[in-house]
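Trainee: Requesting a structural model of the entry that follows:
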Amino acid sequence: MTAFDFHRFLLNDLPATFLFEVAARVLIAYIIVFIFLKVSGRRGIKQLSLFELVVILTLGSASGDVTFYDDVPVLPVLMVFVILLLLYRTTTFLIARSVRFSKWIQGEVVTLIVDGLYELKSLDGLNISEDEFFMEMRQQGVEHLGQVRLALIELDGQLSIYFYADEDVIPGLSVLPPPHRQDFTLIRESGLYACTHCGQTAELMGGSSHTCPRCKAEKWAKALSSVRNH
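Mentor: Below is the predicted model of the structure:
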């Protein structure tokens with residue numbers, strides 16, 4: 001192999017028409033990665049929008065190959081950057097011009113909790129575990145859902161929480177992990193309990209099992225009514 005062989009450096013014996021194949025490959029990769037991320041959910045993206053993450057992943061793959069392998073020509077990789085830039089510009093243009101397209105690409109803000117209760121449609125439609133929401137709420141000082149007036153999942157996956165004033169806190173479902181919260185299917189002692197699925201509270205009689213009137217679940221935890229530590 002001869003160093004600085006410009007023919008190998010630019011196309012490596014590939015025909016110039018291969019650049020059109022590169023454009024098709026980039027478009028296919030863009031669509032496949034986007035659909036995968038769209039279907040799998042947007043959590044974990046954080047500060048990036050969905051299509052921005054698609055661009056970064058595709059660019060990372062293309063630039064990584066040309067960096068490490070001597071048989072990967074440069075011009076096709078440059079074509080990758082050009083096509084991705086065009087796709088990015090087209091996507092941002094359509095987002096700015098079409099509300100419907102913008103919602104499809106970026107999604108919508110999801111209402112997770114209202115007045116200390118889970119929104120059932122939102123909860124059942126999200127591809128994410130309850131433990132992750134509980135972890136984020138604990139990190140923001142939440143001990144139980146009765147402290148939360150409104151909780152939203154933003155476009156970047158972050159959780160925004162709006163709290164009740166201390167005097168307005170209502171009994172709610174504990175968000176503490178299993179070592180600090182015991183769940184029951186058979187209620188042993190009468191008292192105020194919260195459904196572990198939707199957060200609905202109810203006075204339950206001991207010695208029997210109970211079905212949640214709101215979501216039909218059968219697992220309960222003792223409701224908490226403590227205020228937040230400021």
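Trainee: use CA for all of it now, contacts and neighbours both
Mentor: Will do.
Trainee: Domains in the protein, by residue range?
Mentor: 6-106, 110-222 (automatic domain parsing).
Trainee: Quick one: the helices in this protein, in order.
Mentor: Ranges of helices in the chain, per DSSP state H, are 6-10, 18-40, 50-68, 74-97, 99-106, 120-125, 130-139.
Trainee: Return the most buried member of the domains of the chain.
Mentor: When those are scored by mean count of other Cα atoms under 10 Å, the highest mean neighbour count falls to domain 110-222 (a mean of 17).
Trainee: rewinding a little: could you export the domains of the chain as JSON lines, including mean pLDDT and distance to residue 229?
Mentor: Formatted as JSON lines, those follow (pLDDT from 0 to 100; distance: least, Cα to Cα, whole Å):
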{"stretch": "domain 6-106", "mean pLDDT": "73", "distance to residue 229": "27"}
{"stretch": "domain 110-222", "mean pLDDT": "91", "distance to residue 229": "7"}
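Trainee: thought residue 215 was touching residue 197?
Mentor: Yes: assessed by Cα atoms under 8 Å, residue 215 is found in contact with residue 197 at 7.5 Å.
Trainee: Turn the helices of the chain into a markdown table, including distance to residue 169.
Mentor: A markdown table is the format used below for the helices of the chain (distance: least, Cα to Cα, whole Å):
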| stretch | distance to residue 169 |
| --- | --- |
| helix 6-10 | 67 |
| helix 18-40 | 35 |
| helix 50-68 | 36 |
| helix 74-97 | 40 |
| helix 99-106 | 34 |
| helix 120-125 | 21 |
| helix 130-139 | 16 |
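Trainee: just so I know, which of these lies nearest residue 204?
Mentor: Nearest of these to residue 204, taken as Cα to Cα: helix 120-125 at 21.9 Å.
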